[in-house]
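Engineer: coords below, sequence missing:
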């Protein structure tokens, strides 16, 4: 984590210098604007660095006090502004390079000045819209999922899915209380949480999730780890979720019986488990072992890109998260370069995949694709 923190610090330093240079920020006693801009970008950089330094290098050593919480929030907001500013500035520079081959100096000077104003305006709009989306109450997304093999006894069974809550300095007990209240009102037959419960240690976060203990669906609550648990305290979070009434599915499954018919809910740990000693390596075959062939098989896997492994083992439905659907523009577009399945319901050969866009958010409190999501899936025993 120390090395990762130092790498992040170095990268952020160079990128901030790049943006400051574009805005002509420098120490120049004869240029008041340049000096003020240099001071602004220095303070802007310091604000960005608090979270990486405390989170990666100090491993959360500075935590607990209201001041530290406030500084962490400021840091996340600054990082969100910075990421938008960086992307738009890079796009502006690419256009500038293209224009330099066809435009005269006067036109380039005009573009250079006003394009920077445009970059700042676009960044401001993106951040304001993103803050509104991130800090809104999660919305319920309802959908029917037709499964050809589903036994009539389970037709109409409802599954509430939470994913990527990311408990941290922004999202805490009040947020989880609201989420739990919504889920209880939905009255699902089953509740699943597909990873990334928090960005803190379980000893600090277990009190935040207390309201989830009050949800008692008739067919149980199930949880699998995401990648972020392994950055903090995976074993601790598995224990905390067990104490909260969840069944932790680690390359395993639970079999539900009704009227002599069966439905299996299985789960695998995130592949990031390789970073810990004696990891429970992701094993779809082990999760599948022992499930009757005729039963509909549902698999919880944090990362949707593992769906091919689930399909090879004969699972009928995979529930995932991880992507946040890109979370905020322009990453809502960029993510499509790295993730084939970003959000929603997909057909993957003879199985289904649903990707939740995240109940909470990670890092910068920005969501330009709308509020977080609580999914209510209704299984239907019919062919498409």
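Structural biologist: In hand now; what should we look at? Fair warning: this is a prediction, and the values are worked out from it, not measured in the lab. Numbers count the residues shown, from 1 in each chain.
Engineer: For stretch 230-248, buried residues please.
Structural biologist: Within stretch 230-248, the residues scored as buried using 16 or more other C-beta atoms under 10 Å are 230-234, 236-238, 240-241, 244-248. The way it works is simple: take the backbone N, C-alpha and C, and place the C-beta from them, glycine included.
Engineer: okay, among the residues you listed, which ones form the most distant pair?
Structural biologist: 231 and 245 (24.6 Å; C-beta to C-beta).
Engineer: list the contacts for the nearest residue to residue 88 once chain neighbours are set aside?
Structural biologist: Leaving aside its sequence neighbours, residue 88 sits nearest to residue 119 (C-beta to C-beta, 6 or more residues apart in numbering; 4.5 Å). By C-beta atoms under 8 Å, 6 or more residues apart in numbering, the contact list for residue 119 reads 85, 88-89, 92.
Engineer: and if we set it to 6 Å?
Structural biologist: Contacts for residue 119 (C-beta atoms under 6 Å, 6 or more residues apart in numbering) come out as 88-89, 92.
Engineer: returning to that earlier point: tell me which of the buried residues of stretch 230-248 is nearest to residue 79?
Structural biologist: Nearest to residue 79 among those is residue 231, at 16.6 Å by C-beta to C-beta.
Engineer: can you tell me how far the closest one sits from residue 206?
Structural biologist: For residue 231, the distance to residue 206 (C-beta to C-beta, to the nearest Å) stands at 17 Å.
Engineer: What of residue 247?
Structural biologist: 17 Å.
Engineer: Repeat that for residue 43.
Structural biologist: In this structure, residue 43 and residue 206 are 36 Å apart, going by C-beta to C-beta.
Engineer: One more: residue 54?
Structural biologist: To residue 206, residue 54 is 21 Å away according to C-beta to C-beta.
Engineer: Then residue 19?
Structural biologist: Going from residue 19 to residue 206 by C-beta to C-beta gives 40 Å.
Engineer: thinking again about what came up before, which one of the buried residues of stretch 230-248 is nearest residue 362?
Structural biologist: For the buried residues of stretch 230-248, the closest approach to residue 362 (C-beta to C-beta) belongs to residue 231, at 11.0 Å.
Engineer: Centre of the chain to the one helix or strand the closest one maps to, how far?
Structural biologist: Element membership for residue 231 (DSSP states H and E) is helix 229-232. How far helix 229-232 lies from its chain's middle: 14 Å, per C-alpha atoms, centre = their mean, to the nearest Å.
Engineer: again, but for stretch 168-178
Structural biologist: Distance, stretch centre to chain centre, for stretch 168-178: 15 Å (C-alpha atoms, centre = their mean).
Engineer: what do you get for stretch 163-181?
Structural biologist: What separates the centre of stretch 163-181 from the centre of its chain is 13 Å, taken as C-alpha atoms, centre = their mean.
Engineer: Give me the contacts around that stretch.
Structural biologist: 69, 72-73, 194, 196-199, 205, 208-209, 211-212, 215, 321, 356, 358-360, 362, 365.
Engineer: Next step: these restricted to helices.
Structural biologist: 69, 72-73, 205 (DSSP state H).
Engineer: Could you single out the nearest of those residues to residue 264?
Structural biologist: Checking these against residue 264 by C-beta to C-beta gives residue 205 as the nearest, at 29.7 Å.
Engineer: Can you list the buried residues in the helix or strand bottoming out on mean pLDDT in the chain?
Structural biologist: Sorting the helices and strands of the chain by mean pLDDT, DSSP states H and E puts helix 2-22 at the bottom, at a mean of 80. For helix 2-22, the neighbour count (16+ other C-beta under 10 Å) marks 5, 8, 12, 15-16, 19-20, 22 as buried.
Engineer: What of stretch 295-314?
Structural biologist: In stretch 295-314, counting by 16+ other C-beta under 10 Å, buried: 295-307, 309-311, 313.
Engineer: Could you do stretch 208-217 as well?
Structural biologist: The neighbour-count check on stretch 208-217 (16+ other C-beta under 10 Å) flags 208-209, 211-212, 215, 217 as buried.
Engineer: Could you dump those residues into CSV with distance to residue 131 and pLDDT added?
Structural biologist: Below are the buried residues of stretch 208-217 laid out as CSV (distance: C-beta to C-beta, whole Å; pLDDT from 0 to 100):
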residue, distance to residue 131, pLDDT
208, 22, 90
209, 24, 92
211, 25, 94
212, 26, 95
215, 29, 96
217, 33, 97
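Engineer: List the residue ranges of the stretch 251-384 of the chain that fall below the pLDDT cut-off.
Structural biologist: The model of the stretch 251-384 of the chain has pLDDT under 70 over residues 274-279, 383-384.
Engineer: which residue ranges form the helices in it?
Structural biologist: Under the criterion DSSP state H, counting those that start in this stretch, helices of the stretch 251-384 of the chain are mapped to 284-288, 307-312, 331-334.
Engineer: out of those, nearest to residue 161?
Structural biologist: Shortest distance between residue 161 and the helices of the stretch 251-384 of the chain, using C-beta to C-beta, is found for helix 307-312: 15.4 Å.
Engineer: Could you check which helix or strand contains the residue nearest to residue 88?
Structural biologist: helix 105-134.
Engineer: Give me the next element, helix or strand, following that helix.
Structural biologist: Next along the chain after helix 105-134, taking DSSP H and E as the criterion, comes strand 139-146.
Engineer: All the strands of this protein, residue numbers only.
Structural biologist: Along the chain, the segments classed as strands by DSSP state E run 139-146, 158-162, 190-193, 221-223, 247-248, 252-258, 261-267, 296-300, 317-320, 344-348, 351-355, 373-380.
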